[in-house]
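Asker: Curious how this folds, go ahead:
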Amino acid sequence: MKLRLRAAALVYSLALVAGLSSCGGGGGRSAGAPVPSSPSAITPGAAGIFVTPHWAIVYPPGLMPRTSNATRYEPILNAWHIFDGTENWDWQSAVGSTPGISAVMSNPWEDVAVSFIPGSNGTVNFYIDGQPAGSLDLSAPMPYKGYSQEYTTFYTIAQNMQETMHTVAMEIATGTVKFDGWRIKYKNNYYRIDCSAVNTLEATAVSTNNKIRNAIEEYYEDKGAYPDPGAGSDVVSLLYAQGYLTSRPENAFNGERIADTGTAYSGGDYDYTYTSPSDYTLSVYGGRGTLYTVTPDTAASEYLSLSVATPTNHFTTTSEWATFTVTPAAKHDATLSVSGGLSGEQSFPATSSQPITMQVKLKEGRNDITITLFDSYNHAITLTRTITLDTTAPDIALLAPYPQVWDFSTQPARIYVDVYSATTTVEALVENGATVDIGGQAATESTTNRGVFSSEISLNTGSNFIAISATDRWGNKNEVVFEIVRN
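Answerer: Coordinates of the predicted model:
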């Protein structure tokens, strides 16, 4: 997580203090931080301090392993959300609005402070090693000295503690609290302890949703219908059993196998609803209080939405150009990107919720087109389109009668089939759904073997030259002549 201050606030903050960072940033000795004069008890309420941007996370030497340094969220991580700021700001932090939830951090320190984002309006209670350590009303005009609605500040919860392992907790009592991490003093230096666990799991949950969605779309490409797991099963198990998922995705919040929890939307799990062979809805709860939901033609999160009117998904065409009509919507300025085919990547500013039309040049065969909408806050959603360009005539292979005889005594070599009856069944393998004629009469496609066509024909004694013609669903035509010899 990182913070970019507006220019005026940035210049002012750099003039006041160096060595601090936003949530997820680095640390160092702070010139503006209070210096304790005696090793006494907890002293809450020190002045707020400006934050300056740093980009490397720095933890004190000798602390616990890095995975233990980060903030814990109680009772469950998904009780907290991700804050996106306003149009004038670019930061992300944890936001809580449920009474009783807590942010907790354990490390050795002498002083500890908490960082708040402007706009918090709740009240919080603090605890040090399980003991009450004061409270704070963030709805007050000046909740603590140095507080500002212009920039992030620190509130010192405790000072002059014995420099051993401590646990600090901030519990929400009322309202909404926008929390941006901790600052601790350890061995006479100041460090930031980040809150990145929320952001990391959010991104993982969204990535898992896309992984499942891609497997669902690949299933449709093969089967011609979206998966219907039916009662007593779930779509992930179905996709895994049939090889569309190579592994079972994990829930980012608890490390267990991801589960379909329905509309309960347990953090990191998903909800798949089969509507029809051509429609479904897939949602995942990403840990910020909203869902990331996709259908075949739409994608939507808290900050972005995307819909595709044309082209339809999973279709075949003989035109080398496909027209895309996409409608993006975003809370902030965003960019629409379309990539795939022979057109490479095309980008368009998505500054309004108006349809954007573009042409994508296709290559022969399958084209996987990815449509992405993203903003400057690292939010992104995607949709896919699979389009097949087919300008190739269908192949024709003779299956019966059999076997074929190759006579190389002539140039070119003579290829024929011997039969010993006045009639024979001619079978040919052609692509599924084609229109096939054998010997001038319509052939019938097998109901059990897709793409196998047959017709009963009469033979004259000696050589019979049988033409098999095939026209696929897109008008591509091929014809092959086979010699059948009646003995």
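
Asker: Strands along the stretch 51-200 of the chain, start to end?
Answerer: All strands of the stretch 51-200 of the chain, identified by DSSP state E, counting those that start in this stretch, fall at 72-74, 81-83, 90-91, 93-96, 102-109, 111-116, 123-128, 131-137, 153-158, 164-174, 177-186, 189-193.

Asker: As TSV, the ones you listed with mean neighbour count, distance to residue 322 and mean pLDDT would be great.
Answerer: C-betas here are computed from N, CA, C, even on glycine. Shown next, in TSV, are those (neighbours: other Cβ atoms under 10 Å; distance: least, Cβ to Cβ, whole Å; pLDDT from 0 to 100):
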stretch	mean neighbour count	distance to residue 322	mean pLDDT
strand 72-74	17	45	75
strand 81-83	23	35	53
strand 90-91	20	35	42
strand 93-96	26	41	76
strand 102-109	20	49	83
strand 111-116	25	49	91
strand 123-128	20	54	94
strand 131-137	15	57	94
strand 153-158	26	52	92
strand 164-174	18	50	90
strand 177-186	25	44	85
strand 189-193	25	49	76
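
Asker: among these, which is nearest residue 309?
Answerer: Set against residue 309 and scored by Cβ to Cβ, the strands of the stretch 51-200 of the chain come closest in strand 81-83, at 30.3 Å.

Asker: thinking again about what came up before, a markdown table please, covering the strands of the stretch 51-200 of the chain and showing distance to residue 481.
Answerer: Below are those laid out as a markdown table (distance: least, Cβ to Cβ, whole Å):
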| stretch | distance to residue 481 |
| --- | --- |
| strand 72-74 | 74 |
| strand 81-83 | 67 |
| strand 90-91 | 69 |
| strand 93-96 | 73 |
| strand 102-109 | 79 |
| strand 111-116 | 81 |
| strand 123-128 | 85 |
| strand 131-137 | 89 |
| strand 153-158 | 86 |
| strand 164-174 | 81 |
| strand 177-186 | 77 |
| strand 189-193 | 79 |
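
Asker: Domain map for the chain?
Answerer: For the chain, the structural domains run 3-194, 203-278, 297-391, 397-486, going by automatic domain parsing.

Asker: Could you tell me the least trusted of those?
Answerer: Across the domains of the chain, domain 3-194 has the smallest mean pLDDT, namely a mean of 64.

Asker: Residue 97 against residue 174, yeah?
Answerer: No - the pair residue 97 / residue 174 is not scored as a contact, 9.2 Å apart, by Cβ atoms under 8 Å.

Asker: residues bridging contact with these two, i.e. touching both?
Answerer: residue 122 (Cβ atoms under 8 Å, 6 or more residues apart in numbering).

Asker: give the contact list for the spatially closest residue to residue 301 that is not a sequence neighbour.
Answerer: Spatial nearest neighbour of residue 301, chain neighbours left out: residue 292 (4.7 Å); criterion: Cβ to Cβ, 6 or more residues apart in numbering. If you count contacts by Cβ under 8 Å, 6+ apart, residue 292 has them with 205-206, 209, 283-284, 286, 299-301, 381.

Asker: let's go with 7 Å and repeat that
Answerer: 206, 209, 283-284, 286, 301 (Cβ atoms under 7 Å, 6 or more residues apart in numbering).

Asker: now the helices for the protein?
Answerer: With DSSP state H, the ranges of helices along the chain come out as 7-16, 66-69, 196-223, 235-241.

Asker: picking that back up, just put the contacts of residue 292 in a markdown table and tack on distance to residue 461 and neighbour count.
Answerer: Below are the contacts of residue 292 laid out as a markdown table (distance: Cβ to Cβ, whole Å; neighbours: other Cβ atoms under 10 Å):
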| residue | distance to residue 461 | neighbour count |
| --- | --- | --- |
| 206 | 72 | 20 |
| 209 | 68 | 26 |
| 283 | 70 | 21 |
| 284 | 70 | 29 |
| 286 | 75 | 29 |
| 301 | 74 | 23 |
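
Asker: Spatially, which two of those residues are the most separated?
Answerer: Within the contacts of residue 292, two members stand farthest from each other by Cβ to Cβ: 206 and 283, at 11.3 Å.

Asker: quick one: the closest residue to residue 215 other than its chain neighbours and residue 226, what's the gap?
Answerer: Sequence neighbours aside, residue 244 is the residue nearest to residue 215 in space, at 4.2 Å (criterion: Cβ to Cβ, 6+ apart). Distance of residue 244 to residue 226, computed by Cβ to Cβ, to the nearest Å: 12 Å.

Asker: overlap in contacts of these two?
Answerer: residue 219.

Asker: Just to check, residue 228 is in contact with residue 273?
Answerer: No - the pair residue 228 / residue 273 is not scored as a contact, 10.5 Å apart, by Cβ atoms under 7 Å.
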